[in-house]
Structure formats: structure tokens, C-alpha cells
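Q: Quick one, what's the 3D model for this:
(3 chains)
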Amino acid sequence: MSSWKPLPVSFYRRPAETVARELLGRWLVRETGGERLALRLVETEAYLGAPDAASHAAGGRRTRRNESLYLPGGYAYVYFVYGMHFCLNAVTGRREVGSAVLIRAGEPVAGEETMRRRRGLADRRPPVRPGDVAGGPGKLCQALGVDRVLDAAPLYRGGLKIVEGEPVPAAAVASGPRVGVDYAGEAALWPLRFAERGNPHVSRPRP
DNA sequence: CGGAAGATCCACT
DNA sequence: GTGGATCTTCCGA
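A: This next block holds a predicted model:
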């Protein structure tokens, strides 16, 4: 039985790459309206802050939108993209660093019916396939009801938490280039995307 | 003040 | 594989 104990703040106050690897297998828990939803995390990406051209904090860039990225590790950075999607990050490292981990995919472990309904998948034909519910950063936020209200929220208590679960062994972690950051030059090639090897809920292309 | 782009997703060919 | 949806945010003029 996995533990539902929240990961401590100290877990997040380390390099983004380390946190990204070690978040795999943990459970992202959303408690709202008296219901508990949970996803087992299977895919993450690290964003390193100022030295990383793919990061919203590249070159120390600072705006109203990315302000929460400069919080200390252990808080959520939620942003709106493409006019219709939200993405959830866990801020990492010390305050003012601007590094974070993008939560890209999870597999449902509690409240799947509610997540399907939020995703518009209830009663769908053909049947729902792995990855339809939370196999991508936008899908994951929609399934859990994560939006800008949760920007800057703590991840160790409250309605959105990450709990211990069971870490994925290093040998079962695949890595590759991050998705959707072709504009970032050389940084686009850095292998900062991590996923559980062979897990069907991982978004495509698989690393 | 206008334009462009975006850490995505979906439907369609 | 391709293109459209959709709109906030940011930057340059």
C-alpha cells in the first residue's frame, strides 16, 4: 500500500532534473467538492531557469505570468497556453531560481469517472484509451480541474498535493528531449524529459 | 497599441 | 501528418 503522506518541502528544494526523475511514481492528489482524485505520475520535464532557453525563466525573464516560478520549491506554477489549456509545474530549488518540473502525464488511481467526465470522455465510443484521461499536460489539468486559481498554491498541503506513492526505480526511467520547445535552440535537445518506461499513459512521442 | 507566439489538443486527410 | 481553435501575455514601435 502506497503512502498518502505529502512529500516534504525538502524534496523540492533540489535541482529540477533530480526532482523530475524522483516525481515519477508519486501520486498527484486533488481534493475538491468532497471528492479525492489521484494520478500516479508517469511523465515529467525539468526546466532549469535562467540558463535554459526553453524555460519561462530563460535569461532571468520575469513577468506577471511567471512570477510564481520564482517561489521556493514546493509550490505550484500554473499557466495558461494556446488560448485554452493550463499546465501544472512543481517549482524546484531555492527561491528566485526559476526552475521547475512540468507535470506531463499520469495514470488514474482514484476518481477516474470524474476525470473522464471532466475530459468529456464519459460514454465515449470508441472506448477510452490509456492517455486519453491525463496523457498530456493540458489533459491532466482538465481531468483534475487545475486552473489559474491554483497558481502559487503549496503542493504539500491543501487541495492539490503530491504524496509519496512508490518511486519508479532508475532502471525503469526513460529520458529524451522535451516536447514543444523547438524554438529553444540547443536547449531543446537536452534530455530533460522523463517517463516510466513502457507505460501506456505517457504522451507521444514516447522518449 | 498592434501583432505575434505559445512547455497543447483534436479532428481530419 | 497537417492545420485550426482560441486568447492571454508580452514586446516592440
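Q: alpha carbons only for contacts and neighbour counts from here, please
A: OK.
Q: ok, A:G73 - how many residues close by?
A: Neighbourhood size, A:G73 [other CA atoms under 10 Å]: 29.
Q: what about A:A188, how many residues close to it?
A: 18.
Q: was I right about it contacting A:A54?
A: Yes. With contacts counted by CA atoms under 8 Å, A:A188 reaches A:A54, the gap being 6.7 Å.
Q: Any idea what A:A46 is bridged to?
A: A:V101 (DSSP bridges).
Q: any shared contact partners between A:A188 and A:A54?
A: A:V181 (CA atoms under 8 Å, 6 or more residues apart in numbering).
Q: Other residues contacting stretch A:69-88?
A: A:8-14, A:57, A:65-66, A:68, A:89-100, A:102-103, A:137-138, A:141-142, A:146-148, A:150-156.
Q: ok, which of these also contact DNA strand C?
A: Contacts with DNA strand C within these, as defined by CA under 7 Å from any atom of the strand: A:65-66.
Q: What mean pLDDT does stretch A:71-80 get?
A: Average pLDDT, stretch A:71-80: 98.
Q: quick one: buried residues of it?
A: A:71-79 (16 or more other CA atoms under 10 Å).
Q: before we move on, what about stretch A:146-155?
A: A:146-147, A:150-155.
Q: now those as TSV including pLDDT?
A: Shown next, in TSV, are the buried residues of stretch A:146-155 (pLDDT from 0 to 100):
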residue	pLDDT
A:V146	98
A:D147	97
A:L150	97
A:D151	98
A:A152	98
A:A153	98
A:P154	98
A:L155	98
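Q: so can I have CSV of these showing secondary structure and distance to DNA strand B?
A: Shown next, in CSV, are the buried residues of stretch A:146-155 (DSSP: H, G, I helix; E, B strand; the rest coil; distance: CA to the nearest atom of the strand, whole Å):
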residue, secondary structure, distance to DNA strand B
A:V146, coil, 12
A:D147, coil, 13
A:L150, helix, 15
A:D151, coil, 13
A:A152, coil, 14
A:A153, coil, 16
A:P154, strand, 17
A:L155, coil, 16
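Q: and A:G73, how far is that from DNA strand C?
A: Remark: distance between A:G73 and DNA strand C (CA to the nearest atom of the strand, to the nearest Å) = 20 Å.
Q: is it fair to say that residue lies in a strand?
A: No. Using DSSP: H, G, I helix; E, B strand; the rest coil, the assignment for A:G73 is coil, not a strand.
Q: Quickly note the distance from it to DNA strand B.
A: 14 Å.
Q: hmm, back to that, could you flag which of the contacts of stretch A:69-88 are buried?
A: Buried among the contacts of stretch A:69-88 (16+ other CA under 10 Å): A:9, A:11-14, A:57, A:66, A:68, A:89-94, A:96-100, A:102-103, A:137-138, A:141-142, A:146-147, A:150-156.
Q: Counting only strands, which of the contacts of stretch A:69-88 make the cut?
A: A:89-92, A:99-100, A:102-103 (DSSP state E).
Q: Kind regards, and thank you for your time.
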